[in-house]
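need the 3D shape of this:
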Amino acid sequence: MISRSLSDPVANVRAMRSFEFVEGSSAKFWEISRAGCAVTVRFGRIGTQGQSSVKTLADETAAAAHETKLINEKLRKGYAETTGPSTSAATPIPVSSGPAASSPIASRPVASGSAVGELVDEDVLVLPQAWARSRTPRRGSAGVGKFTPSAKARTAAEAELARHSQRTVAVLEAPTTEEETRREGLAWLAGEPDATPLGAAAVVATADHGHWDSSDWANCFADMWIRERGPVFAAEAAVRMNELIVVDDDSLSAYAQRPGVRHRRPGERHPVRYPSAAIRLLLRVRQALAAAPDHTYAEVVDALRPYRARGSHARAAVAVLVPEERAWFEQDRDEAAAAGDDHLGTLLLLAAGTAEDVTALAPIAEQDAFINSMNLLVTMIDGVGGAAAPMLFSWLDGSYNFADDQRRLLSVLAVLPGDEVTRGLIERIGTRYAKRALLENTERYPARALRLLAESAGDPAVTDLFRGHLLKHRDLASRVIPLLGVEATERVEQILAEADTVSAAPLSAVPPVLADPPWRHLPEPVKPLVIKGLTCGDPMTFSWLPGEREQWAALPFQRYDHDGRWDPEVRRQAVLGNQLPLRDACLFFLDTAEEITRPALAAWRPYDPWMAGTYMRLITARFGSDTLAALLSLAPHSPVDVAPALQPFATPGIAVLMADWLARLKGVGDDALAWLLRHPAEAARALIPPALGKPGPARRQAEGALLALHANGHSETVRAAARGYGDAVAAAVATLVDTDPAALDPSTIPSVPVWATPGVLQPILLRDGSGSLPGEAVENLFVLLALSPLDAPSPELAAVREACEPSSLAAFAWSLFELWQTSGSVWKERWAFEALGHLGDDDTVRRLTPLILAWPGESGHNKSVIGLQVLASIGTDVALMHLHTIAQRSKFTGLKNAAVQKMDQIGATLGLTAEQLADRLVPDLGLDADGSLRLDYGPRQFVVGFDEHLQPYVAEPAGKRLKALPRPGARDDAALGPAAYQRFTRLKKDVRTVAADQVRRLEHAMVTNRRWSGAEFRRLFIDHPLLWHLVRRLVWARFDPPLPETVAGTPEVAVGAPEVAAGAPEVAAGAFRVAEDRTFSTVDDETTTVPDDAVIGVAHPLHLGEDLAAWAEVFADYEILQPFAQLGRPVFTLTEEEARSSRLVRFQGVKVPTGRLLSLERRGWRRETPKDAGHQGSISLVIDPGRELIVEFEPGFSIGYIDMSADQELTDIFLYAGSDNRWRRNDSDYKPFAELDRVTISELLHTLTDLAPA
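Numbers count the residues shown, from 1 in each chain. Predicted coordinates:
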C-alpha cells in the first residue's frame, strides 16, 4: 500500500476511539483504547459484538507508539473515525420465526473467539446502510427514525392535481362512478372542511389512473393528510384508497374508455401496476406510524378496527398499516391463501413476519411487484429476513427475468444469512451475476462461507473462491474445522499446508521497484522545461494500405437513383451552402463529373455528422487527399466517425488532434492509437513542440501520445525525431521517455482498493528460488499495475517479469482479475483486469477467450473490448490466434468489429492486409520442425501426429497408433510423465481452436482465387510445423502469368453446346503436391521446383483440367485423405442464357430451411440491414469490392425472431453492384454473371444447390 506521512492524532490520549469502514458489502467497526502499557482493540462487523484482543507493551511510550501505528494503518485502509461509540450492535435483525419485537433487538453477547459465538453472530441480519432509503420500517423494528411530513406536501399535491384536473372531474362525474364516492370526491376537491377520507382517496385514485411509472409522486398526498388532518385520517384514507379502482365496466378494453371510480368487489381480478399509488400511500403512512407515540398508534388502531368488517381489500390494507396486530394479519393471510388472491397476497407479504407467512403467501404473491421495486423487496426482507430465501431463489430461477431483475434479487440474497442462502448461491456460481453475490455473502458471513465452501470445493468453479476465502480468513479455520466432514477438512488443511510451504523471500531478493518503489521518494515537483519557438512544418502526406482504397470504395450505403434529374450547378451551390444532408452531398461527389466536384470539395465545409464515417471514406476513396479539409471540418462534430477516415492522412494538425482524442475520448482511443502507430515518425515530429510547450492540457496530451509511441515499439523513432530539433530537445525528450510515468506527476499515484489483499491471491515466486514476494512487495505491485495502462505500461514491469517465475505471475494476475470481477468490476479499477495483458501467458488466453465471447451477451461489451486489448498485449502466437478467431467467429457484431479493428491495427503496424496477417498468426504450438511432438514419460515415449483435420493422435515410436494417450503410471518418471500428459492436454485445447479455422481458411483461399508467391508459400506453409499437415494433403497450382485474386473476363461460348463456361478459361500452368520429404511432385510423380517468384494457389478442380482424374488416382494410391473436398469437389456451370443474365431463375421458388439459410453467415454471407420492425428478407455475399450476390426470400424473419417461419422461399438471386437500398436500384446496378470467373461461378452455384433439401 502507498505510504503516507501522517501526524500522530492520538498521542497521550487514553479514551476509546471508534472507527468504521463501509464500502460495498463491507461494514466493519474497529475500536482502540490504551490503559497504561496495555492496548485493547475490539473489531468486527457492524451489528455484532466482534472480537477483542489486548497487547501489553514494555512501557507507556511503546504503548502509545503502538496505538498510533494501528490507527494510522486503519486510516490508510479507508476507516473513518466516528464521533461516538461504534455501531457494533446497533441494528441487527435476528433470523427467527417469531413476530417482530416491540423494541430494537440487540445482538446477544458472545464470548470472544468461540466457534459458537462466531456462528451465532452469523445468524443476525444487518441491513446495509444503502438500504435505509428503500426500507419502510414497521413499529418496533430496528433503526426507526423520527418522521416529519414534508412541509411542501400541499404545494406538491396541488401541482399534481392541477396536471390532471380535467380528467379528475370527468372521472368523478362519470356515470360509472358510485354516488357516494362521487359526492365525497367532489367535496374534497372543493376543499370542504368536513371532506372524508373516502373523498381524499377517490381524488388520488383518479390521479393515479393517469400515471404509468413507479415514482414516489403519491407520497405528497400522504404527507399532506398527516400534516393537515392527522395520522388517523391519513390511515383511513390509505385504506380507502386500496378499496377503490378506476375502471369502465362497460369497456372490454384494458384501457377504460369512460372510467369511473368504484369499490373493488370480493375476488375481483384487475391488473395492478406495482408499486401502485395505493401501496405507496400505505407504506408512507406506515412509516409515520412506526415513529408515532404509543397513544397516537393506539388511536389509529382503534379507528381502523371497523374497517376489518368492510371486506378483504380493506382488511389487507389494515394489516399492512399495522403489521404488529398479528391476529388480524394471520386471519387475512389464511383467507388470501385459501382464495388464491394474488393482489391480496402481494399486499400481505409486506406485513409478513415469519417463515410460515412466507410459505403461505409466496405461491400467490405477484413476484414482479417485488422484483421491480427495491422498496418492496427491502420492506419485505425487513419483516421476514432469511426466511424469504426460498421464495427469492424461485423467482431468480424464473424463465423471464431480465438482467436487472437478476442483479436486484441477487443483491438481496447476498445480504441474507443462513446456510440455505449461501448454499443456494454456491449452487448457482456458474450463472450470471451469482458469483459477485456469493462473494458479498461470504464476506458478511465468513465462518459459514468457509464451512460451506469447504464442503463444495470439489466443484472446480468453487475451488479458487474457496482458496482465496480460506487464506483471507485463516484465523477462522480452527473454529470451523470441527464442524466439517473428512473431505472438507482435508481440503482446508491441504490449502493451508501449501500456503505455508511458500515462504516470503527477503527484501534483498525482491526487485528494487517492489522493495523500495520510486513513488516513495518522489522529488518535489519540478517546473516543466519549456522550449519555446519549436514548430513542425511537415507537409501533408497521404498513403493507402494494400487493398484499403478498394475496401472503402465498396462500403455499402443508402444510395438512390436520381436519373440525371439533378442540375449539377444547383447541387454544387447547395453543397457549398451546406443545404444538403451528408448523404446527398456524398452522392453529388460520387456521381458528378470530377471537373465539377473536385473544386467544390476544396471549398466544402460539412458539419452534419450522420454516418460521416461511411460517407467520408467513400469520398476519400475517390478523391484521396483532397478530402482532408472537409474531414477536419467534421472532426469536432463526430470524432468517432472522422478518426477512422483520417487514417491515411498525416499532418502536424492531425497528430495534435489524435493526441487530444487519445487522452480524452474513450470511444476514439483505439483509432487515435492506430493512427499514431501508422504514422510514428510524422506523429513524433509534430508532437514534440507541444510536448515541450507551456504546461496545460495540450502538453499533457502530447506527452501521453509520445509515451504511447515509446511503449509500442517506436522509442527510437521518437528519439530520432527529437534529434532533428537539436541537442536540447533531444535531451528533454529522452528524459520524458526514460522517466517512469509515475514520476511525471505525484498526484497520479493511485490508491489501491481494499479488496486487493495480497494474502488471498496466488503467490508470486521468484526465479532464484528464494521464495515468494512478501505482502508489502505485492501491494507495491498493485500500484505499479495501476500505473500501467495497456497502451503505456511502466518500464519497471519488465524488471518484475525478469525476476519472477512466469507461470506464477500469470496465476497471480488471473486471481487478481477474478477478485476484481467478484468485487464489482469497478471500471476505474480495471487495472486489475489489464494486469492480464502485462503478466498473462497462453493459459491466460485460453481462460479469458470464452469470457470475452460471452460478455457482450451480459451487457459487458466494454469488458470484451478490454479483453481484446489484453490478448493483443500478451502478443504470443496463441494470443493472436484467439484474437483472430474472435474476429472471425463472434456472434456479436460489436465485438467482432472491435476484434477486426484490433487485427487491422496489428496488420497496419506490420504493413500487412488482414489475410496476410492471418497467414502469419498460425501458432506452431511448440511442435518440432518436422511437425511432430515427442512426449517423454521417462521409460516410455510417444509421438504426436495429426490427421487430415488437424486432430492430434498419439503413436508409439515404432508407429503404432494408440486410441488415447495413457495416463502416467507408477513406473513412469514422477516429473516427466505428468508434465508430458498436461502438455498434450494443452495441445488438444489449442488445436481445437486453430484446426477448423485453418481448414476453412485454405478452402476459402481455393474458392476465392487467393494467391501467394513461391517464397511466401514455402515460408508460411511448407516450413510451418502445423500447417504442413494440411498442405501435403492438397494439390497446389502454379499460375503463369500471375493472376489477380478475382478474374474477370469475356465468356467463351461453345456454339451449340447445352451449357457454356462463363469467365476466363483459367487453367493452371502446372500443378503439384508436397511429398513427405517436402519436395514437390507432379501428377506423374516427377520432382518439380517452385521458384520464389512463382504465383501459387490452392488448385480448384477447374484449374486442373484433364489432369483432375489423374490427380484423384494419385491421392487414392497414396491413401492421402483431404481436409476438405478438393479433388472430389462438384463443378457447376451456367447455361448460355444464365451467363448473359444478372439473375439465376433456376433457384426461384425453392424452399430452404431457415436454419440452413442462416448457416451461410458462417461462410462470409451477411444478412441485410434490418428494415421496419427489424425485418430481414435477403442475404448477400461480397464477391469483390463493388459486387455482391444477393439472395432474396420470403417471408423473411425479424431480427429478434429468426424462427418465425421454418422455411424460406427463394424469390430472387442476382449479381448486384449498387447500394443496399432496395427501393433505389438502377438497371445498371445489375451485372451479368459472365463477368465472374469460372471458379467463383461454380462455387456460388454449389452453395445455392446445397441450400435446398435433398
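
residue nearest the centroid of this structure?
Gly860 (1.5 Å; C-alpha atoms, centre = their mean).

so which bits of stretch 591-598 are buried?
The neighbour-count check on stretch 591-598 (16 or more other C-beta atoms under 10 Å) flags Thr592, Thr597 as buried. Where you see a C-beta, it was placed from the backbone N, CA and C, and this is true even at glycine.

pLDDT on it, on average?
Per-residue pLDDT over stretch 591-598 has a mean of 80.

just the CA trace of it, in PDB.
Output of stretch 591-598 as PDB, limited to C-alpha atoms (Å, rounded to 0.1, in the frame of the first residue of the first chain):
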ATOM      1  CA  ASP A 591     -21.800  10.700 -59.200                       C
ATOM      2  CA  THR A 592     -21.000  14.100 -60.700                       C
ATOM      3  CA  ALA A 593     -18.200  14.800 -63.100                       C
ATOM      4  CA  GLU A 594     -14.800  15.300 -61.400                       C
ATOM      5  CA  GLU A 595     -14.200  18.700 -63.000                       C
ATOM      6  CA  ILE A 596     -17.200  19.900 -61.100                       C
ATOM      7  CA  THR A 597     -16.800  18.100 -57.800                       C
ATOM      8  CA  ARG A 598     -13.100  18.400 -57.100                       C
END
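
starting at the chain centroid, how far to it?
46 Å (C-alpha atoms, centre = their mean, to the nearest Å).

okay, helices next: where are they in the stretch 1101-1250 of the chain?
Residue ranges of the helices in the stretch 1101-1250 of the chain, as given by DSSP state H, counting those that start in this stretch, are 1101-1104, 1108-1117, 1136-1140, 1154-1158, 1238-1251.

which one, of those, ends up nearest to Glu158?
helix 1154-1158 (58.3 Å; C-beta to C-beta).

in that closest one, what counts as buried?
Result for helix 1154-1158 [16+ other C-beta under 10 Å]: buried residues Thr1154, Leu1157, Leu1158.

Thr1133: which of those residues is nearest?
Nearest to Thr1133 among the buried residues of helix 1154-1158, with distances taken as C-beta to C-beta, is Leu1157, at 23.9 Å.

leaving aside the residues adjacent along the chain, what's closest to Thr463?
If the residues on either side of it in the chain are set aside, Thr463 comes closest to Ala457, at 5.4 Å by C-beta to C-beta, 6 or more residues apart in numbering.

I figured the one you found hits Gly485, correct?
No. Contact criterion C-beta atoms under 8 Å: Ala457 and Gly485 do not qualify, at 11.7 Å.

out of the two, which sits in the busier spot?
Applying other C-beta atoms under 10 Å to Ala457 and Gly485 shows that Ala457 carries more neighbours, namely 23 against 10.

quick one, what contacts the more buried one?
Thr463, Phe466, Ala488, Arg491 (C-beta atoms under 8 Å, 6 or more residues apart in numbering).

one more pass at 6 Å, please.
Thr463, Phe466, Arg491 (C-beta atoms under 6 Å, 6 or more residues apart in numbering).

that's a strand at the second one, yeah?
It stands for Phe466. No. Counting by DSSP: H, G, I helix; E, B strand; the rest coil, Phe466 falls outside a strand, being helix.

and it, how far from Glu550?
As judged by C-beta to C-beta, to the nearest Å, Phe466 and Glu550 stand 56 Å apart.

okay if I get the contacts of Ala457 as CSV plus neighbour count, pLDDT and distance to Arg934?
Compiled in CSV, the contacts of Ala457 are given as follows (neighbours: other C-beta atoms under 10 Å; pLDDT from 0 to 100; distance: C-beta to C-beta, whole Å):
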residue, neighbour count, pLDDT, distance to Arg934
Thr463, 15, 83, 32
Phe466, 25, 88, 38
Arg491, 22, 89, 36
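
with these in mind, which one is nearest to Gly1014?
Thr463 (52.4 Å).

count the residues that sit near Gln494.
11.

now Gly1149
Neighbours of Gly1149 (other C-beta under 10 Å): 9.

next up, the contacts around the residue lying closest to Leu880 once chain neighbours are set aside.
Nearest-residue entry for Leu880: Leu921, 4.7 Å, with adjacent residues in sequence omitted and distances by C-beta to C-beta, 6+ apart. With contacts defined as C-beta under 6 Å, 6+ apart, the neighbours of Leu921 are Leu880, Met881, His884.

helix/strand/coil for the last one?
Counting by three-state DSSP, the backbone at His884 sits in helix.

show me what contacts it?
Ala918, Leu921.

rerun that using 10 Å as the cut-off
871, 899-900, 902-903, 906, 914, 917-918, 921-922, 993-994, 997, 1001 (C-beta atoms under 10 Å, 6 or more residues apart in numbering).

what's the answer for the first one, then?
Contacts for Leu880 were tallied using C-beta under 10 Å, 6+ apart; they are 845, 871-872, 874, 902-903, 906, 917-918, 920-923.
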